[in-house]
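# Dropping the sequence and predicted coords here.
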Amino acid sequence: MQPEELYDLTIIGGGPAGMYAAFYAGMREMRVKIIEGREELGGFLHTYSEKMIWDVGGIPPIRCARLIEHLAEQAVTFMPTLVFGQRVETMERSADGVIVLGADTGALHYTRTVLIAVGRGVAELQKLELEGAERYELTNLHYTVSRVERFRDKRVLISGGGNSAVDWALELAEVAAHVTVVHRKDEFRAMERNVTIMRETLDVRTPCQIERLHGQGDHLYAVTLTDLASGAEALVEVDEVIVNHGYNSSFGALSAWGLELEDGLLRVDADAAASMPGVYGAGDCVVHPGKVRLIAGAFTDAALAVNSAKQYLEPDAHAMAYVSSHNELFRERNKSLTRR
């Protein structure tokens with residue numbers, strides 16, 4: 001191993017937690033690498049890139065794709081090494097204490113500390129398990145929304161009970177001719193305010209589920225809905241159907257690394273430290289008593305993890321980075337930005 005191959009911190013995952021950690025570790029003058037399984041930064045955010053994001057502090061409502069751009073731009077401020085298209089499968093510690101990460105490509109990565117920020121891991125869509133459903137996936141049966149304009153003046157049916165279903169229902173109501181929401185339970189697992197608005201303004205049917213699909217060729221024209229309380233059926237004509245039934249997540253080899261897990265998630269303490277020295281966690285893949293499952297919470301996790309990693313490497317280091325307004329690393333950049 002050459003000295004230039006050894007990093008202070010290697011971040012596994014390029015989602016919100018990983019991107020912010022790369023920036024914050026740069027503020028702490030750490031040598032950083034990000035390993036991301038996709039070919040781009042952003043992680044799970046790409047699955048709803050068209051959605052509007054309201055709950056990131058200090059940022060007005062913003063299209064998720066634009067938020068990814070901002071986060072990625074911030075992440076490379078201190079020029080971390082970016083590795084794309086690799087999934088970390090092994091983690092071992094050598095005799096000299098260096099952690100060696102092995103990727104599915106055969107590549108080895110050497111680091112003094114590790115931040116696991118794999119988000120929801122390898123997420124697989126929960127598809128509609130009805131006969132012939134796959135026939136319509138290339139036409140008007142969708143599992144995500146990539147272009148809102150497609151739904152303009154259409155009759156849209158959305159199946160699901162989480163934030164994605166509710167958020168898309170409200171957003172598409174602005175362009176669609178009619179939006180129907182079906183959920184097999186009476187209660188929705190989404191922001192209370194959004195659920196209230198949806199119930200007051202849209203055609204919401206609960207407890208209800210899609211029973212049969214009706215199509216001509218590869219195009220859906222109607223669905224049969226079943227009321228799960230009464231058993232009554234109703235035929236609803238549709239132009240587009242969106243299924244938001246969530247994801248089945250897998251963290252792959254993570255479970256074999258000897259780290260403490262809780263309900264399949266990485267258990268970390270109040271300082272974002274995992275059960276193995278020099279290993280930390282942040283974002284959706286972790287659990288701890290104060291966990292906040294928002295993008296804002298991922299930022300906090302990331303800062304805690306980086307601060308802990310810094311003090312692990314340098315016990316006399318400050319407990320946290322200087323705030324940006326006082327940080328010497330930004331002095332010249334601030335002058336340039338002010339002049340601009």
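In hand now; what should we look at?

# Leaving out sequence neighbours, find the closest residue to Met40.
Met isn't right for residue 40; it's Glu. Spatially, and ignoring its direct neighbours in sequence, Glu40 is nearest to Phe84 (6.9 Å; CB to CB, 6 or more residues apart in numbering). In short, each C-beta sits where N, CA and C put it, glycine included.

# In space, what's closest to Met191 - neighbours in sequence excluded?
If you skip the residues right next to it in sequence, Met191 has Asn163 as its closest partner in space, 6.5 Å away by CB to CB, 6+ apart.

# okay, that neighbour: pLDDT?
Asn163 carries a pLDDT score of 89 in this model.

# And for Gln2?
Among the per-residue scores, Gln2 shows a pLDDT of 73.

# tell me the secondary structure for His214?
Here His214 is recorded as strand under DSSP: H, G, I helix; E, B strand; the rest coil.

# give the contact list for the residue nearest to the spatial centre of the chain.
Computing the C-alpha centroid of the chain and ranking residues by CA atoms, centre = their mean puts Phe44 first, at 3.4 Å. Applying CB atoms under 8 Å, 6 or more residues apart in numbering, we find Phe44 in contact with Gly15, Gly119, Arg120, Ala123, Asp284.

# Distance-wise, check it relative to Lys33.
Phe44 is 21 Å from Lys33, where distance means CB to CB, to the nearest Å.

# Over to Ala273?
Taking CB to CB, one finds Ala273 at 20 Å from Lys33.

# ditto for Cys285
Distance, Cys285 to Lys33, by CB to CB: 18 Å.

# who's more crowded, those two?
In this view Cys285 and Lys33 are compared by other CB atoms under 10 Å, and Cys285 has more residues nearby, 25 against 21.

# got a list of what the more buried one touches?
Applying CB under 8 Å, 6+ apart to Cys285 gives the contacts Gly13, Ile116, Ala117, Val118, Gly119, Arg120, Gly121, Phe251, Leu254, Leu265, Leu266.

# List the buried residues of the lengthiest helix in the chain.
Counting residues, the longest helix found in the chain (DSSP state H) is helix 295-313. Within helix 295-313, the residues scored as buried using 16 or more other CB atoms under 10 Å are 295, 297-312.

# Kindly state the beta-bridge partners for the nearest residue to Leu130 once chain neighbours are set aside.
Using CB to CB, 6+ apart and skipping the chain neighbours, the partner closest in space to Leu130 is Leu213 (5.7 Å). For Leu213, the beta-bridge partners are Val223 (DSSP bridges).

# Report how many residues lie close to the closest residue to Arg63 other than its chain neighbours.
Nearest non-adjacent residue to Arg63, counting by CB to CB, 6+ apart: Met52, 6.1 Å away. By other CB under 10 Å, 15 other residues sit near Met52.

# Same question for the one 5 residues further on.
One way to gauge burial is a neighbour count; for Gly57, by other CB under 10 Å, it gives 8.

# same question, Ser94
Neighbourhood size, Ser94 [other CB under 10 Å]: 10.

# Report whether the expected contact of it with Leu108 is present.
No: under the criterion of CB atoms under 8 Å, Ser94 is not in contact with Leu108, lying 10.6 Å apart.

# Quickly list what's touching both of the two.
Here Ser94 and Leu108 have Val100 as joint contacts, going by CB under 8 Å, 6+ apart.

# now the nearest residue to Cys285 once chain neighbours are set aside: how far from Ala317?
Nearest residue to Cys285, sequence neighbours excluded (CB to CB, 6+ apart): Val118, at 4.9 Å. Distance of Val118 to Ala317, given as CB to CB: 26 Å.

# Between these two, which is the more surrounded one?
The neighbour count for Val118 versus Ala317, taken as other CB under 10 Å, is higher for Val118 (31 against 16).

# Look up phi and psi at that one.
Dihedral angles phi and psi of Val118 (degrees, to the nearest 10) take the values phi -90, psi 10.

# Leu67 now?
The phi/psi pair for Leu67 (degrees, to the nearest 10) reads phi -60, psi -40.

# from memory it sits against Pro61, does it?
No: the pair Leu67 / Pro61 is not scored as a contact, 10.1 Å apart, by CB under 8 Å.

# The two: who's more crowded?
Set Leu67 next to Pro61 and count neighbours by other CB under 10 Å: Leu67 wins out with 20 against 9.

# Please tell me the pLDDT value assigned to that one.
pLDDT, Leu67: 96.

# Kindly report the same for Val122.
Confidence score, pLDDT, at Val122: 65.

# And Ser250, by the same measure?
Confidence score, pLDDT, at Ser250: 67.

# Likewise for the one 5 residues further on?
On pLDDT, Ser255 comes in at 78.

# dump the residue contacts of it.
Counting by CB under 8 Å, 6+ apart, Ser255 touches Leu261, Gly264.

# again, only this time at 7 Å
Leu261 (CB atoms under 7 Å, 6 or more residues apart in numbering).
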